[in-house]
Structure formats: structure tokens, C-alpha cells
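Asks: What follows is a predicted protein model with its sequence.
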Amino acid sequence: TWSVGASGVFEPRASITHTWHGIGMCSVTNGWVVGHYNGDAAIIHTKNGGALWQSEFLGIDAPPPLRAVQCVSTSPFSAVAVGEGGVILKTEDNGFNWEQRQPPAAVASVDWMTVH
């Protein structure tokens, strides 16, 4: 079971000092949690139902905090994460690479709180 409390604190079976905001599970074993650490975006990923969580390399310099993540495919596992300042990140290869996507100009500076 995964949950994020009102304070945004999420501790996946180990104490981690990040602040977590969103959880996106593609299956009972594979999923992501997004948030921030020292004001920068952070993503962790599990491939074994939460027994082990690993940090993801985002491939972009210091994106702002992320607020939500949604699984979009299970073959291969892919997801979209959104956050403050209009940031949109997408992985199409099980989290090995995250690419920044550009939102439409009219909403480029919106703080995204959810993704569906």
C-alpha cells in the first residue's frame, strides 16, 4: 500500500528526507513517486512492489518540484510527471530516461497539481 499524507510525507519502507506529493503505479510491482528535495524535482521508482526504491536521473538541470505522476503504458512502462512552473516530464522506457515536454504557451507557467 502506498499513500501520501496531507503533509506530503511519504516513506516507502525506509526513512527518506524528501517531500513526496504524488504516486503513480503501473502495476502492483512497478511505479513512481514524485516530489522534491531542496526545491528540486525528485522521482523514485520501484520495480518490486516497494521493497526497493531507486532515484531516477532526470537528465535536465534542476527542474522545479514535481506534484503528480501518472502511468500511461505498461509495455514498456511509461509515465508523465508534472509540477510547478509548468514542468512536464515523460519517460517511455521504464524510467531510464526522462524528457522535458513543453506545455502550450498559454499554460507554460502553471503549477500543475495533477495529471490524468
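Replies: Yep, it's here. Residues are numbered from 1 along each chain as shown.
Asks: Val72: how many residues sit nearby?
Replies: Val72 has 15 neighbours, counted by other C-beta atoms under 10 Å. No exception for glycine: its C-beta is placed from N, CA and C like everyone else's.
Asks: Once you drop chain neighbours, what's closest to the spatially most central residue of the chain?
Replies: Nearest residue to the geometric centre of the chain (C-alpha atoms, centre = their mean): Val34, 3.2 Å. Among residues not flanking Val34 along the chain, Leu66 sits closest, at 3.8 Å (C-beta to C-beta, 6 or more residues apart in numbering).
Asks: For the one you found, what are phi and psi?
Replies: Torsion angles at Leu66 (phi, psi; degrees, to the nearest 10) stand at phi -90, psi 150.
Asks: Surely it touches Ile44?
Replies: No: the criterion here is C-beta atoms under 8 Å, and Leu66 misses it with Ile44 at 11.0 Å.
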